[in-house]
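>>> Please work out how this folds:
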Amino acid sequence: MGKITVETCEIEGLKVITPAVFGDERGYFVETYNYNDYKEAGIDQVFVQDNQSSSVKNVLRGLHFQINFPQDKLVRVIAGEVFDVAVDLRPGSATYGKWHGVILSAENKKQFFVPKNFAHGFVVLSDYAEFAYKCTDFYHPNDEGGIKFDDPDIGIEWPVAPGTELIMSDKDKKWGGIKEYTAGRRE
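All right, here's what the predicted structure looks like:
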């Protein structure tokens, strides 16, 4: 391996990856993905779609997931800085409803592996950010699910100043909490 360092998180399945960066007076080179290295690190997925978004400071996207076509995601930031969060929604998981967050930035070049059946979201901390991610299934517009970003039953500690006006889509403002999601799965 050697080209990446992998940190496991307190929630099983989540991984923070730091790639080796080779720099000199010209700039730097980094290998952002190599199937063999990731497979050796226990991330043996076939990614079928790459996505990229740009956002300004205080944009919050999430918490999103696909219901019937769940995706593993490998996320990173290529410009700016975000606080990235995953919430465990795996049925029967000992850490169901728990969250983990990590700072991803162009500077630290860290990546976050988010397995299937996790809700995912991020808030932009810099003036501008570009966010890129790989997925193991295609996006299905009629299969979207979501959880309210500030659900007190989850208790995510977003690193934004109190009173900060977050910029969110209308859809993200309307998601219910984890209790509603859990109740809906039992029906």
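>>> In this structure, where is pLDDT below threshold?
Along the chain, segments meeting pLDDT under 70 span 1-2, 185-187.
>>> Tell me which residue of it is furthest from the middle?
When each C-alpha in the chain is compared with the mean C-alpha position (CA atoms, centre = their mean), Glu25 comes out farthest, at 32.3 Å.
>>> tell me the phi and psi of it?
phi -60, psi -20 (degrees, to the nearest 10).
>>> Ok, Lys39 next?
phi -60, psi -40.
>>> got the buried residues for the helix or strand Ala132 falls within?
In the assignment (DSSP states H and E), Ala132 maps to strand 128-135. Neighbour-count burial for strand 128-135 flags Ala129, Glu130, Phe131, Ala132, Tyr133, Lys134, Cys135 (criterion: 16 or more other CB atoms under 10 Å). Yep, even glycine has a C-beta here, placed from its N, CA and C like the rest.
>>> Return the residues in contact with the spatially most central residue of the chain.
With distances taken as CA atoms, centre = their mean, His120 lies nearest the centre of the chain, 4.7 Å away. Counting by CB atoms under 8 Å, 6 or more residues apart in numbering, His120 makes contact with Gly62, Leu63, His64, Phe65, Lys73, Val75, Asp84, Val85, Ala86, Val87, Val114.
>>> picking up where we left off before, quick one: list the elements packing against the strand holding Ala132.
Packing partners of strand 128-135 (3 or more CB pairs under 8 Å, 6 or more residues apart in numbering; DSSP states H and E): strand 49-56, strand 73-79, strand 81-88.
>>> residues in contact with the second one?
For strand 73-79, the surrounding residues in contact (CB under 8 Å, 6+ apart) are 17, 32-33, 38, 43, 45, 47, 52, 54, 84, 104-106, 109-114, 120, 122, 128-136.
>>> Please identify the pairing partners of it and their relative orientation?
Applying DSSP bridges to the sheet, strand 73-79 is found paired with strand 111-114 (antiparallel), strand 128-135 (antiparallel).
>>> And the first one, by the same measure?
Based on DSSP bridges, the pairing partners of strand 49-56 within the sheet are strand 128-135 (antiparallel).
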